[in-house]
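Peer 1: Sharing a model that was predicted from the sequence below.
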Amino acid sequence: MLNIDINNISMIYETKDSKVNALHNINLEINSGEFVSIIGPSGCGKSTLINIIAGIIKPTKGFIKVGDRKVENPNSDISVVFQDYSLFPWMTAYDNLHFAIKNTNKNLTEKEIKEKALKHLEIIGLSKFSNSFPKELSGGMTQKLAISRMFALDSKIFLLDEPFGALDALNRIHMQDLLIYLWRSGNNNQTILYITHDVDESIFLSDRIVVMTPSPGKIKEIIEIPFKRPRNRKELTGSKEYLSLRNHILSLLTEDMKVSLNKQEEQMRKYYD
Ligand SMILES: Nc1ncnc2c1ncn2[C@@H]1O[C@H](COP(=O)(O)OP(=O)(O)OP(=O)(O)O)[C@@H](O)[C@H]1O
């Protein structure tokens with residue numbers, strides 16, 4: 001179990017002709033075993049933050065600590081799943097899992113690795129597709145495999161960047177249930193940081209939701225989700241408490257949208273006048 005300490009992170013991208021102020025003074029502590037979602041308008045720096053935590057890009061200011069260690073580069077404590085899948089396209093479904101298990105459990109025998117890989121395929125209902133390559137699977141199946149592979153990797157921290165963004169509503173619900181099932185049935189209670197645009201998804205999945213403001217991305221509010229687990233989707237979404245929480249998050253997000261739409265309108269008026 002490892003916590004994540006996001007310490008005063010700012011990020012400015014410098015391109016040939018401009019500077020983009022992507023993140024400004026982000027401070028956040030995510031506890032071991034916690035599920036935290038980040039929600040915010042497009043371009044507020046959510047993916048930038050995930051990439052900084054994963055050690056893929058270096059921030060302009062501030063640092064990330066995972067447990068006692070400063071993050072300088074990608075490392076095996078942290079696994080990342082992106083929207084456009086995170087599998088090896090040249091390996092079958094079984095081989096993708098086998099490879100992950102073999103590389104993170106050096107003391108397992110070949111028989112144990114095989115059993116574990118087959119068990120993972122069974123849990124996600126893809127036993128029949130063990131010899132299929134990612135391109136031969138549907139979007140939902142591919143993402144199931146990517147999530148399953150993430151758990152097989154046995155990392156302590158999972159960073160998920162809109163992993164179900166490309167799925168239809170039904171598949172999305174199914175995947176949310178699978179994610180929570182795998183997370184809660186794991187032995188070591190991993191820490192999850194989850195990026196989404198979907199307010200309902202963030203409430204259903206999270207212990208806390210971090211709402212961000214647009215350019216530069218700052219933390220606007222951190223919301224504790226009061227609902228006990230396991231959560232019953234039907235009961236939850238019908239409750240008054242849920243609806244008021246949902247309205248609160250939506251109003252935080254639309255406030256910023258109004259400001260940016262007004263700015264856009266002002267610029268268009270200037271252009272056409
Ligand atoms: N490599 C880069 N070089 C220059 N600017 C970048 C780079 N990556 C991101 N940006 C800019 O930084 C800002 C934040 O981008 P980022 O992708 O982190 O936002 P986001 O909140 O994840 O967006 P979305 O929800 O649309 O995926 C945007 O203005 C984007 O154009």
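Peer 2: Happy to help now that I have it.
Peer 1: How confident was the prediction at the residue nearest the centre of the chain?
Peer 2: Nearest to the geometric centre of the chain sits Leu160, at 2.2 Å (C-alpha atoms, centre = their mean). Looking at Leu160, its pLDDT is 95.
Peer 1: beta partners for it?
Peer 2: Note on Leu160: beta-bridge partners by DSSP bridges are Val81, Tyr194.
Peer 1: Surely it is in contact with Ile192?
Peer 2: Yes: contact criterion C-beta atoms under 8 Å: Leu160 and Ile192 qualify, at 6.8 Å. Glycine gets a C-beta too; all of them are placed from N, C-alpha and C.
Peer 1: Would you map the strands across the stretch 51-200 of the chain?
Peer 2: Along the stretch 51-200 of the chain, counting by DSSP state E, counting those that start in this stretch, strands occupy 61-66, 69-70, 78-82, 157-161, 191-196.
Peer 1: So for Gly140, which of these sits nearest?
Peer 2: With C-beta to C-beta as the criterion, Gly140 lies closest to strand 78-82 of those, at 14.1 Å.
Peer 1: quick one: contacts of the closest one?
Peer 2: 50, 53-56, 66, 71, 86, 146-147, 150, 153, 155-163 (C-beta atoms under 8 Å, 6 or more residues apart in numbering).
Peer 1: What residue spans form the domains of this structure?
Peer 2: Here the domain assignment for the chain is 4-77+155-236, 89-153, based on the TED database.
Peer 1: Out of those, which gets nearest to the ligand?
Peer 2: Of all these, it is domain 4-77+155-236 that lies closest to the ligand, at 3.3 Å by C-beta to the nearest ligand atom.
Peer 1: So is the closest one next to the ligand?
Peer 2: Yes: judged by C-beta under 6 Å from any ligand atom, domain 4-77+155-236 and the ligand are in contact via 13, 15, 20, 22, 42-48.
Peer 1: need the domains of the chain in CSV with distance to Tyr242, can you?
Peer 2: Converted to CSV, the domains of the chain look like this (distance: least, C-beta to C-beta, whole Å):
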stretch, distance to Tyr242
domain 4-77+155-236, 5
domain 89-153, 25
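Peer 1: among those, which is nearest Tyr271?
Peer 2: If you check each of the domains of the chain against Tyr271 by C-beta to C-beta, domain 4-77+155-236 wins as the nearest, at 18.9 Å.
Peer 1: coming back round to it: among the residues of domain 4-77+155-236 next to the ligand, name the ones in strands.
Peer 2: For those, the ones inside strands are 13, 20, 22, with DSSP state E as the criterion.
Peer 1: Now which of these would you call buried?
Peer 2: Neighbour-count burial (16 or more other C-beta atoms under 10 Å) applied to those gives Ala22.
Peer 1: Now pLDDT too, for the ones in strands among the residues of domain 4-77+155-236 next to the ligand, in JSON lines please.
Peer 2: What follows is these, written out as JSON lines (pLDDT from 0 to 100):
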{"residue": "Tyr13", "pLDDT": "95"}
{"residue": "Val20", "pLDDT": "92"}
{"residue": "Ala22", "pLDDT": "95"}
